[in-house]
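Asks: here's a sequence, model it:
(one chain, ligands or ions: 1)
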Amino acid sequence: MVHSLTGINAVSLSGFPQNIDPMIFKAVDELGGIFHFNEDYNSGNPLGFGWLQSTITTEGRRSSSATSYLAPKYIERKNLDVLLNARVSKVLPSASKSSSSGYAFRTVEFAQDLDGPLLRVNASKEVILSAGVIGSPHILLNSGIGDSNELLGVGIKPLVNLPSVGKNLTDQPGLVNEFLVNSNKTTDDLFRNATLLNEVYTEFNRTGMGPLVATGGNQISFFRVSDSLTDMLGDPSSGENSPHLEMFLENGFFGMPPPTGHYLTLGTVVVSPASRGSLTINSTDPFANPLIDPGYLTSPFDIAAMREAIRIMFQYLSAPVWDGYVLSQFGDFANITATSPDDVLDEYIRNSAGSTAHPVGTAAMSAKDADYGVVDPDLRVKRVEGLRVIDSSVFPFVTSAHTQAPTYAIAERAAALVKAAWL
Ligand SMILES: Cc1cc2nc3c(=O)[nH]c(=O)nc-3n(C[C@H](O)[C@H](O)[C@H](O)COP(=O)(O)OP(=O)(O)OC[C@H]3O[C@@H](n4cnc5c(N)ncnc54)[C@H](O)[C@@H]3O)c2cc1C
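Replies: Prediction:
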């Protein structure tokens, strides 16, 4: 068994059936090969087609870090205070630098609202930043921890030269490919009908259940690109059984549907991208937005991989079960085919790909003695004392999958490291 039954965060299959569920697996039976059924893609063998696993309880109720890690029995702990709506501007150094380990950063500066005064709290042991892939490097840069030359250029006094802060931003580019279908049993009418939507929204808020508990799609599939592509451009995945590509299906339009029509969405994602972006700042105002360059599709591997994902998608839709159900393609995608030349596919990909909301890597972990990276394997910020980062910014590479579960895994491991250091 690879799944625990005792964790505090529930993981289960979708909490709400979709009309197309049987057709999706009929196509898997009809096609076989790379579309083979995979009972548990979180078993260590992710390739193939399986039921999506989500943070949903076996009763079909949403679970989350808010309802698990911050459940009443934890939030009521006497040694835990949670400040709502506080925004951290920076961490502040001790007055002097120790000769062996540089500055200690054990003071946090924050505002309770953006017009309010800046307040400070001091940690007796250590400060842990968990502000995410954008927030954590932003706070470090505001604090003078980053590339010293870049900080000087912005007008921030550099305190610790750590050039990797904000670099290595890695996200998975995705496309949502829309098809018009011969059915009215999609989610589109729900999102067009304010009264109905209000009813299911109220149900979700009251019970955590109902149609909104699901993500819109109940299946997920993972594939590798062709050997010829990895032979030519290298293999950015973590191993020969790790996917480069994901395809997901939604029983309706992705986002707000157009006023008419019923849709099927097939999303194609490059889950092992080779491109890298960055996060920088151009202001001494700690609450000014950082500059984010996601760097999507800057590596030739990623665009070639997305072409292969589109061709795999058309191969999947060639299964007989889709005859008569899928009527036509929609929007930017209307004229794309499996045999479209590379330049036509590239134009579509470049115009239409976007974030899948899985960015990582801006405060990346590296070996203790590496001269790059932001945190060491204990997640302590290098070249300083008293400061750790624990969130998805520490991933050195993006996992060949979605990022929520790996973030929980890192947080659990980090909690053990922190306990080991102080208890
Ligand atoms: C729309 C969306 C959908 C997603 N869907 C999925 C999915 O289906 N499956 C999946 O696996 N992953 C999904 N993800 C990705 C997943 O949510 C992230 O990988 C995960 O939340 C990362 O956790 P984190 O702790 O690093 O950062 P976050 O969850 O972003 O937490 C960082 C927290 O820090 C706070 N913060 C930031 N800056 C400051 C500051 N200066 N002061 C105080 N607080 C600050 C933020 O408000 C936030 O609460 C999705 C992400 C998005 C945005």
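
Asks: and stretch 215-225, end to end?
Replies: Using C-alpha to C-alpha, to the nearest Å, the end-to-end distance of stretch 215-225 comes out at 26 Å.

Asks: just stretch 244-257 next, same as before
Replies: For stretch 244-257, the first-to-last residue distance is 29 Å (C-alpha to C-alpha).

Asks: could you give me the buried positions within it?
Replies: Using 16 or more other C-beta atoms under 10 Å as the test for burial, stretch 244-257 gives His244, Leu245, Glu246, Met247, Phe248, Leu249, Glu250, Asn251, Gly252, Phe253, Phe254, Pro257. C-beta coordinates here come from the backbone N, C-alpha and C atoms, glycine included.

Asks: so what does the one helix or strand the fourth one maps to touch, helix or strand wise?
Replies: Here Met247, judged by DSSP states H and E, is contained in strand 245-250. Under the contact criterion of 3 or more C-beta pairs under 8 Å, 6 or more residues apart in numbering; DSSP states H and E, strand 245-250 touches strand 219-223, strand 263-270, helix 300-317.

Asks: ok and the longest one relative to strand 263-270, angle-wise?
Replies: Using axes from the mean of the first three to the mean of the last three C-alpha atoms, to 10 degrees, one finds that helix 300-317 and strand 263-270 are set 150 degrees apart in direction.

Asks: pull the residues that contact helix 300-317.
Replies: Here helix 300-317 makes contact (C-beta atoms under 8 Å, 6 or more residues apart in numbering) with 27, 31, 34-35, 173, 175, 177, 179, 221, 223, 225-226, 229, 233-234, 236, 244-247, 266, 268-270, 272-275, 296-297, 326, 336-338, 342, 345-346, 349-350, 353.

Asks: among these, name the ones in strands.
Replies: The strands, defined by DSSP state E, take in 173, 175, 177, 179, 221, 223, 245-247, 266, 268-270, 326 from the contacts of helix 300-317.

Asks: got JSON lines for those, with distance to the ligand too?
Replies: What follows is the ones in strands among the contacts of helix 300-317, written out as JSON lines (distance: C-beta to the nearest ligand atom, whole Å):
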{"residue": "Pro173", "distance to the ligand": "15"}
{"residue": "Leu175", "distance to the ligand": "16"}
{"residue": "Asn177", "distance to the ligand": "19"}
{"residue": "Phe179", "distance to the ligand": "22"}
{"residue": "Ser221", "distance to the ligand": "15"}
{"residue": "Phe223", "distance to the ligand": "18"}
{"residue": "Leu245", "distance to the ligand": "17"}
{"residue": "Glu246", "distance to the ligand": "11"}
{"residue": "Met247", "distance to the ligand": "15"}
{"residue": "Leu266", "distance to the ligand": "17"}
{"residue": "Thr268", "distance to the ligand": "16"}
{"residue": "Val269", "distance to the ligand": "12"}
{"residue": "Val270", "distance to the ligand": "16"}
{"residue": "Val326", "distance to the ligand": "25"}
